[in-house]
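Student: Just need the structure, nothing else, for what follows:
(one chain, ligands or ions: 1)
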Amino acid sequence: MSDSRRRPILAVVGVLLLLAAGTFAVRRGATKAPRPSARPNVLLVTIDTLRADRLGCYGYARAATPTLDALAARGVRFATAIAHVPLTAPSHASMLTGRTPLGHGVRDNGGFVLPEEVRSIALDFQASGYRTGAFVSGFPLNRRFGLDRGFENYDDHLPRGSDPRRTAYVERTADRTTEAALRWLAVSEKDPAPRPWFAWVHYFDPHAPYEAPGAFGKHFASSPYDGEIAFVDEQLGRLLAAAEAKGAPGSTVVLVTADHGESLGEHGEDTHGIFVYDATLRVPWIMAGPGIEAGRVAATVARGIDVAPTLLDYAGLAPGQPMEGRSLRRAAAGETLDDAPAYAESLHAQLQYGWAPLHALRTDRFKLIDAPRAELYDLKSDGAEMADRAREEEGRVATLRAELQRIMATTTPVAAKAIDAETAERLGALGYLGGGVTGAAPVLTGKDPKDGIRLATRLGRNGMSVARTDPATAIRELTALLAEDPGMFVALRTRAVAHQTAGHHAAAIVDLRALEKRGALTAEDSVVLGDNLRLAGRTAEAVAVLERTAKRNPKFAQPWLSLAALRVKENRLEDAAAAYEKVLAVTPDHAEALRGLGDLALMMGEVEEAAKRYARVVETDPADAGALSKLGVTRMRVGRVEEGIALFTKAVEREPKNAEALLYLAGALASNGRPAEAVPYFERALSAGERSTMILNGLGLTRLSLGDQRGARAAFQESLAIDPRQPEVTKALADLRAGLR
Ligand SMILES: [Zn+2]
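Tutor: Here you go, the predicted model:
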């Protein structure tokens, strides 16, 4: 009521919208088999790392996937759907462009940018007047890899996270991604001239490590991968309810699929990326909405490249560029289409370890994997691909291989200019650019991935999380691995991070320079190199590396963020601010840059300016504990204590192990007459993060104010053990001893 009083125009618009929805509903009600007259909304949901056979509707007895099962019941489920590549960025590029990696040129995560000349369906939807929004949850889909084209709103905001095992900014959990999508859908509803929308929502949770939140983690303690899926299913329920609530019921075409599956130990592979077995290529494909009949199971094999033409078809749009895939609308309506074989590949082992590439052709019945030792499987009798028939059926191998080679030779390859500078260097080092990316390119050891999977698994198990938490073990294991297969230079990358964690910056620099020499230094590696140079005190070199990286990767935030950190250390605050502004020019709501500018403003005493920056972060992600706490600091600075404490409390609720937020809350309570409440937060801050003198001294003083002299003494003693040069603490301790005696 108060809203409509204050904003009469919006209220009128709201009434008009309601009226429009009403007439639409009446018209639909009058028709027997409703066909949407207006264009439908289109929702593409991709769930990362989701095996089809872990869903209830695909026959998994232990599944807790009521949302997906209900979607399948009111729509169509494709019994078999195949991804073209078991890697996030290339597989999503296939779904959005209707082309295999041969046709769109994105061959691995991290090093490839979708070429300008390859068109995403987001552009087709946009050109037809659709509102377009994407909400992604994993680093491989960062905007700098080019999948953002055509999306008016490309939300790749990933929280920093506070888990020391994980790289910062790599993942957003499904609840937060859902909230971001819901905010966008809500704005869409207020649009004075309503447009249909195309939204792509990507969930990352089932990706390793499998750690489902809260009750899901507990309930699925023995099968944590299933717990992640159950959590996503619940969040998908919220998303679908909101999407369906807009406009008339059933006016949204929904397609849920995945970029790849997960091996879960099959064929010796823990996760995904190396092999092209169905464990990682078979994904769900569930579709519902206007014009889609309920309860059908389609027999035609669906492929990743069929996503784009199918969605455009339901929206009544023609693709703006030829595609390799085909619309499956007729298949969804009950026809069985001719089998269209799926090309599949993984060049990951080749690009990362110097092994042989894998190319495969999968018909509805057979799969040929073209490796140094080719494999053939009869999927009808051997879905798990355990019995290789390549020796028994040489004729079939030859036929399938000829077809595979024909596809590889005739698919229009993407020009080399599509590849960014560092990838070009990397591919050049592997002999790629001369011969074209055809799989005939020379490789370092050419090892058959079957023979190397044991090494890849060892590398995976001593990966970044170990490097960050147990660097000594990681360094030992990675050094042994490199001795066994010197071609796995990707181990150098991980070992560099382990060296950095251990404080051996010179050793980290040596490993990174070795990677650079082999043409394998990625943009991310360059940032690690820059950071280690800075930490080793080699500032000028650090600046040169970071500036070069920023120049070569204009949409990559990290080099600018590192440069900003470096400038702050040098007390060149203006330069630091300029670096943060560079990030905002590409990503206006970039949390870390906004936070950095907030911190700079605080340093310069501009409290309200700082508050504005932090508030902007919270607006984009209301769960950002770091920004909530900093906003709390600005409130404390201007004497609004209760507001400050409320913000700190919220931050701690959101991230119960955020040491900084816990410390702020403890400090605010202790210094505002609530010491008894403060103590447990100090204690939690100690167990959540590093045991710092700041926390220990705060705890000691607070215990002292409560009369707990023994407790205070213990805290001060530990503080002095960390840093003996604290005269005030030494004195406090001496007074305490005197008093206790
Ligand atoms: Zn993925």
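Student: Got phi/psi on residue 65?
Tutor: Backbone torsions of residue 65, given as degrees, to the nearest 10, read phi -130, psi 60.
Student: Please name the residues that touch residue 507.
Tutor: Residues in contact with residue 507 (C-beta atoms under 8 Å, 6 or more residues apart in numbering) are 496, 499. For glycine as for every other residue, the C-beta is placed from the backbone atoms N, C-alpha and C.
Student: go again using 10 Å as the cut-off
Tutor: Contact analysis of residue 507 by C-beta atoms under 10 Å, 6 or more residues apart in numbering lists 475, 495, 496, 498, 499, 500, 532.
Student: Check residue 287 too.
Tutor: Taking C-beta under 10 Å, 6+ apart as the test, what residue 287 contacts is 71-72, 75-78, 253-257, 296, 298, 302, 307, 310-311, 314, 328-329, 332.
Student: Distance of residue 88 relative to residue 226?
Tutor: Separation of residue 88 from residue 226 (C-beta to C-beta, to the nearest Å) stands at 21 Å.
Student: now swap in residue 487 and tell me
Tutor: Residue 487 is 36 Å from residue 226, by C-beta to C-beta.
Student: which parts of stretch 332-351 are buried?
Tutor: Residues of stretch 332-351 classed as buried by neighbour count (16 or more other C-beta atoms under 10 Å): 332, 337, 340-351.
Student: swap that for stretch 127-146, sorry
Tutor: 128, 130-146.
Student: And for stretch 395-412?
Tutor: For stretch 395-412, by 16+ other C-beta under 10 Å, it's 397, 400, 401, 404, 405, 407, 408, 411.
Student: starting at the chain centroid, how far to it?
Tutor: Stretch 395-412 sits 34 Å away from the centroid of its parent chain (C-alpha atoms, centre = their mean, to the nearest Å).
Student: Kindly export the host helix or strand of residue 312 (C-alpha atoms) in CSV.
Tutor: Using DSSP states H and E, residue 312 falls within helix 307-314. Listed next in CSV are the C-alpha coordinates belonging to helix 307-314 (Å, rounded to 0.1, in the frame of the first residue of the first chain):
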residue,chain,number,x,y,z
VAL,A,307,20.3,-28.2,-27.4
ALA,A,308,20.6,-24.9,-29.3
PRO,A,309,18.4,-25.9,-32.4
THR,A,310,15.8,-27.5,-30.1
LEU,A,311,15.4,-24.5,-27.9
LEU,A,312,15.2,-22.1,-30.9
ASP,A,313,12.6,-24.4,-32.5
TYR,A,314,10.3,-24.2,-29.5
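Student: sorry, back to before: in helices, which of the contacts of residue 287 appear?
Tutor: Judged by DSSP state H, those include 71, 72, 307, 310, 311, 314, 329, 332 as members of helices.
Student: Among those, which one sits closest to the ion?
Tutor: residue 307 (14.7 Å; C-beta to the ion).
Student: how deep is that closest one tucked in, by neighbour count?
Tutor: 27 (other C-beta atoms under 10 Å).
Student: That one touches residue 285, doesn't it?
Tutor: Yes: with contacts counted by C-beta atoms under 10 Å, residue 307 reaches residue 285, the gap being 8.4 Å.
Student: which non-adjacent residue is nearest residue 185?
Tutor: residue 242 (5.5 Å; C-beta to C-beta, 6 or more residues apart in numbering).
Student: so how far is the helix or strand that neighbour falls within off the chain centroid?
Tutor: Secondary structure assigned from DSSP H and E places residue 242 in helix 224-245. Helix 224-245 sits 17 Å away from the centroid of its parent chain (C-alpha atoms, centre = their mean).
Student: And for stretch 499-514?
Tutor: The answer for stretch 499-514 is 26 Å, by C-alpha atoms, centre = their mean.
Student: And for stretch 584-601?
Tutor: Here stretch 584-601 is found 20 Å from its chain centre; the criterion is C-alpha atoms, centre = their mean.
Student: So the residue in the stretch 251-400 of the chain positioned nearest to the ion: helix, strand or coil?
Tutor: Residue nearest to the ion within the stretch 251-400 of the chain: residue 259 (4.3 Å; C-beta to the ion). Here residue 259 is coil, with the state taken from DSSP: H, G, I helix; E, B strand; the rest coil.
Student: give me the number of residues near it?
Tutor: Counted with other C-beta under 10 Å, residue 259 comes out at 32.
Student: hey, where'd the helices end up in the stretch 51-200 of the chain?
Tutor: With DSSP state H, counting those that start in this stretch as the criterion, the stretch 51-200 of the chain has helices at 66-73, 88-97, 101-104, 121-127, 174-190.
Student: Pick out the residue closest to the middle of this structure.
Tutor: The residue lying closest to the centre of the chain (C-alpha atoms, centre = their mean) is residue 138, at 0.5 Å.
Student: any idea how far the ion is from that one?
Tutor: Taking C-beta to the ion, to the nearest Å as the measure, residue 138 and the ion are separated by 7 Å.
Student: for the chain, what helix or strand is lowest in average pLDDT?
Tutor: When the helices and strands of the chain are compared on mean pLDDT, DSSP states H and E, helix 8-30 comes out lowest with a mean of 31.
Student: Now tabulate the contacts of residue 507 in TSV and tack on distance to residue 42.
Tutor: Below are these laid out as TSV (distance: C-beta to C-beta, whole Å):
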residue	distance to residue 42
475	49
495	45
496	43
498	45
499	48
500	44
532	46
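Student: Farthest-apart pair in those residues, please.
Tutor: Largest separation among the contacts of residue 507 by C-beta to C-beta: 475 and 532, giving 14.7 Å.
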